[in-house]
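Undergrad: below is the sequence, then the predicted model.
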Amino acid sequence: MYNETVMDHFEHPRNIGEMEDPTVVVEVGSGECGDRTKLFLKIEDDVIVDVSFKTLGCAAAIASSSMATEMIKEKTLKEAWDLTNRDVVEALGGLPEQKIHCSVLAEDAIREAINIYRKGQGFEPW
Amino acid sequence: MYNETVMDHFEHPRNIGEMEDPTVVVEVGSGECGDRTKLFLKIEDDVIVDVSFKTLGCAAAIASSSMATEMIKEKTLKEAWDLTNRDVVEALGGLPEQKIHCSVLAEDAIREAINIYRKGQGFEPW
Amino acid sequence: MNPSHAPDIPTVYLDHSATTPTHPDVVRAMLPYFTEHFGNPSSLYSISDAARAAIATARTQVAAALGCSADEIFFTAGGTESDNWAIRGMTSARKKEGNHIVTSSIEHHAVLHTCGYLETQGFSVTHLPVDRYGLVDPAQVEAAITPETTLISVMMANNEVGTIQPVQEIGAVARDHGICFHTDAVQAVGHMAIDVDAMKIDLLSLSGHKFFGPKGTGALYIRDGILPDNLIHGGGQEKGRRAGTENVPGIVGLGAAIARVTIDIPGHRERVGALRDMLVQGISGRIPDSHYNGHPDKRLVNNAHFSFPGLDGEALLLMLNRKGICASIGSACSSGCEDMSHVLRAMGVPPSYGRSSLRLTLGDDNTKEEIEYVLDVLPPLIARLREMAAF
Amino acid sequence: MNPSHAPDIPTVYLDHSATTPTHPDVVRAMLPYFTEHFGNPSSLYSISDAARAAIATARTQVAAALGCSADEIFFTAGGTESDNWAIRGMTSARKKEGNHIVTSSIEHHAVLHTCGYLETQGFSVTHLPVDRYGLVDPAQVEAAITPETTLISVMMANNEVGTIQPVQEIGAVARDHGICFHTDAVQAVGHMAIDVDAMKIDLLSLSGHKFFGPKGTGALYIRDGILPDNLIHGGGQEKGRRAGTENVPGIVGLGAAIARVTIDIPGHRERVGALRDMLVQGISGRIPDSHYNGHPDKRLVNNAHFSFPGLDGEALLLMLNRKGICASIGSACSSGCEDMSHVLRAMGVPPSYGRSSLRLTLGDDNTKEEIEYVLDVLPPLIARLREMAAF
Ligand SMILES: Cc1ncc(COP(=O)(O)O)c(C=O)c1O
Ligand SMILES: Cc1ncc(COP(=O)(O)O)c(C=O)c1O
């Protein structure tokens, strides 16, 4: 059902766990399937210097969170904002059709976290 | 489909063929399935001293004719008249349900032959 | 084969249109899916991967035989289910557009009785006549179409006399009128090239056990975009269109079998055609008053169908059986009942010819020696039965 | 079994409600009917005698398992077809008397979606609620009956949580009201004694691959005198009630399999029940916040069904798969889709319990060592997934 990249990120999720002293924390949930993700970002000079997550969800949700966090680490906020769930799915080497929507959660969490941070800094949200 | 008695009478029909100088000959046909039988009787003193037949029909029709001729040979006309297709089927050890009607032809032929003979002798038909 | 009646007599199987033995290679292909790879294809764990992959392979094999895409193949439990699904599903899906079906008068019971059932449900059915060879005329198909017509169903090749219909021309008529075209190709697979695009076929039924595959397996080709209603409702198997846990070994067997019999159709036609012609010429030459039924050349390469007026077909079959020869009086389904076959009746064959008919259908497993044996055995049997009946 | 993922890890198959391997004895019984005794049972010649006799034997074997007469058994291509036939055939046959069906809210999709289809055809369907254990109340069955009711269909045992329904009481209600009673016994066969007379069942569905028989085989019990309309039209097989060339090897396998699993039901219950109880007690004892779903004792002897809130069932399944353990999140048919099972929803199970559910279904081929292995592997996996999700 899942390819080996997905299975690897599911079984050995990168950046899993809580973070001490994060700059922003968000928690997002998908009504559609009840998946939930909590994302922790440490931001310095508009760069994501550290990231971690926790996820209640299927293998696709966990692997997407893992891959997404890898993809935004050490990226600028702008670069992170531009990451779409399609990029994540592509980086994972694809997901089954009916599982694509599980990858949206990571994108949602990243964007929400960035906007919370921007608002906290007194900027307009993107 | 057929038991061995039926198969034996079908493959080795008794009394098959034409008869020289028969006392009576009848030909009967069944509208239902297109079977036809020709029956030859030699009658002496109200006793069937010889009998033979020809049949166009399935194995059940041929075996029934064969068995029926065996059963009336050397019998009185009264005894032959009383032979029913059930007796023939029983003597054959049974026929498949949908083949029972094929055994009626022999009974029909015997009764028709007897009545033709009786009429020829100036008796009332039975 | 193990003829219970006479173990010393070889069995000569000449009833391939009734069924075929499952080829040992096909059985071998199936076996791991009973035990080792038994997982439910719907399950998530790895032991089901092999089952899923095997079904995908079989789908590709069937598609290759028909010239379609694998997505257009749906597995069923046999030719009968495929016919039922195609006809009931399609007419039901198009119920709002009309209630008229055009079919032929020589279809297999699976089509005939499904249409008969639909007649009890408010549909009207035109059973097109055939000529003396059993051929449907495409012009009559066209003439039968009404604004209510939602389905045309004409078989590719007849199971009794083997006549091959002008499917391509009928398909063109259907396409011109925007009407769905179903063909029952149960008897055709392996004996002739099939191309659903060239032939303009929208729905096609096939059955595994007619080409050395397992019984209880079949497929329905459904052209992409055509959406017959479901016949069997339940789980989401077959993309939600045919419910029920997949018969994995059966599907594997169907795939392996169709790949086998379509790999060299020209070679098969040459081999089996030569034997069939030898049989036909032998019978015609050696048996007086023998009548070859069906079309002289628009016919299945493995089919020989004769009438021998003056005897009864069932009696002949039983005699042949004692000699180890397996044949049929017509379609397997109608054996045991004496009503004349609706196919022969539609062809205008007289009753005395009908009741004395014999169908011999060959396969690649038959040999020249077997045909010679039949040609030796058959004439005296026929003479004997005729003699018993001549008056 | 050959887990592609980790050949060094043993496979522990705990998904017997999804499907079972065909038992080697069953395969062995089937094999001659693919090749040696391949004749079409409808054919007249002797090589078909063995096929005919084998079907008769299988019919007797199925009848013996249900306490009915062989004449009342009709072979199909699986549980789904049997359910479709029973429900569509019966409601169609009684269409003039009414258009209302009483069923439960926890039926398999084969029943649920067939009823759903009938709703599009003008029938009305009452889906009876169940209690938190998944039990239907016979009094509610009775209360749901209207003058229009022509069929009651309630499953014998549920495929997800294993709850066994009060079939006998429901049968009595149906009989009292002169309404036909169908039960889907697909999951029950082999795990409990079945007697269609004592249970007042009129129609009963079963499926071969759920009890070590072949996939693509099934049967419908139809009480003598009950006449559902045909689902599959065509040839005269199965006394004219289910058309299509008989799947002889499949039927033989179904017969052999049902004979195997019904020969010692008490012994099976003892063996498998002990393993199941060990599994349930182990899980309940070792895994915090684990919830046993279904009825404590009115349940299939081989079924264990848990919720582990705080994780996702599919993720757990995949982890288990890596450890060689085959399990299910519910019914095989609904795996892969995340909607909560209609069964758990009907039982009032909250979504967080529903999404974290795990079904383990045992068979006679499981061992104590396997259960111990599962009890070792499962708790840390669950802890890990919960830890990944806890916030
Ligand atoms: C032309 C034709 N259609 C349909 C069928 C039905 O196929 P099956 O018996 O495999 O269901 C047959 C064979 O019996 C056939 O010859
Ligand atoms: C209760 C129940 N009914 C019906 C079915 C359908 O059986 P099959 O998939 O063999 O057609 C199943 C199994 O999938 C089942 O568990």
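TA: Sure thing, it's come through. Ligands and ions are numbered 1, 2, ... in the order given.

Undergrad: how close does the residue in chain C positioned nearest to chain B sit to ligand 1?
TA: With C-beta to the nearest C-beta as the measure, C:A389 is the residue of chain C nearest to chain B, at 3.6 Å. Placement of C-beta: from N, CA and C, glycine included. As defined by C-beta to the nearest ligand atom, to the nearest Å, C:A389 lies at a distance of 30 Å from ligand 1.

Undergrad: hang on, that residue packs against B:L56?
TA: Yes - taking C-beta atoms under 8 Å as the contact criterion, C:A389 and B:L56 are neighbours in contact, 3.6 Å apart.

Undergrad: phi, psi for C:H100 please.
TA: In terms of degrees, to the nearest 10, the main-chain angles of C:H100 are phi -120, psi 130.

Undergrad: and for it, the neighbour number?
TA: 20 (other C-beta atoms under 10 Å in any protein chain shown).

Undergrad: list the beta-bridge partners for it.
TA: Taking DSSP bridges, one finds C:S124, C:T149 as the beta-bridge partners of C:H100.

Undergrad: return the residues in contact with it.
TA: The neighbourhood of C:H100, defined by C-beta atoms under 8 Å, 6 or more residues apart in numbering or on different chains, consists of C:123-126, C:146, C:148-150.

Undergrad: try it again at 10 Å.
TA: Counting by C-beta atoms under 10 Å, 6 or more residues apart in numbering or on different chains, C:H100 makes contact with C:91, C:123-126, C:144-152, C:179.

Undergrad: out of those, which are buried?
TA: Members of the contacts of C:H100 that pass the buried threshold by neighbour count (16 or more other C-beta atoms under 10 Å in any protein chain shown) are listed as C:91, C:123, C:125-126, C:144-145, C:149-152, C:179.

Undergrad: now the strands: where do they sit in the chain?
TA: You didn't pick a chain, so chain A it is. Using DSSP state E, the strands of chain A run over A:24-29, A:36-44, A:47-56.

Undergrad: let's do chain C instead
TA: Counting by DSSP E, the segments of chain C that form strands are C:12-13, C:73-76, C:100-104, C:124-128, C:149-153, C:180-184, C:203-207, C:218-222, C:291-292, C:303-307, C:325-326, C:357-361.

Undergrad: what's near enough to touch residue 62?
TA: Defaulting to chain A. The contact partners of A:I62, by C-beta under 10 Å, 6+ apart, come to A:6, A:9-11, A:13, A:16, A:35, A:37, A:53-56, A:102, A:105-106, D:312, D:315, D:318, D:385, D:388-389.

Undergrad: um, chain C though
TA: Contacts of C:V62 (C-beta under 10 Å, 6+ apart): C:68, C:70, C:72-75, C:189, C:206, C:208, C:218-219, C:221, C:251, C:254-255, C:257-259, C:262.

Undergrad: so what pLDDT did C:N2 get?
TA: The pLDDT attached to C:N2 in the predicted structure is 36.

Undergrad: let's have the strands of chain A in a markdown table, adding mean pLDDT, mean neighbour count and distance to D:G134.
TA: Listed next are those as a markdown table, based on pLDDT from 0 to 100; neighbours: other C-beta atoms under 10 Å in any protein chain shown; distance: least, C-beta to C-beta, whole Å:
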| stretch | mean pLDDT | mean neighbour count | distance to D:G134 |
| --- | --- | --- | --- |
| strand A:24-29 | 94 | 17 | 29 |
| strand A:36-44 | 96 | 21 | 28 |
| strand A:47-56 | 96 | 22 | 26 |
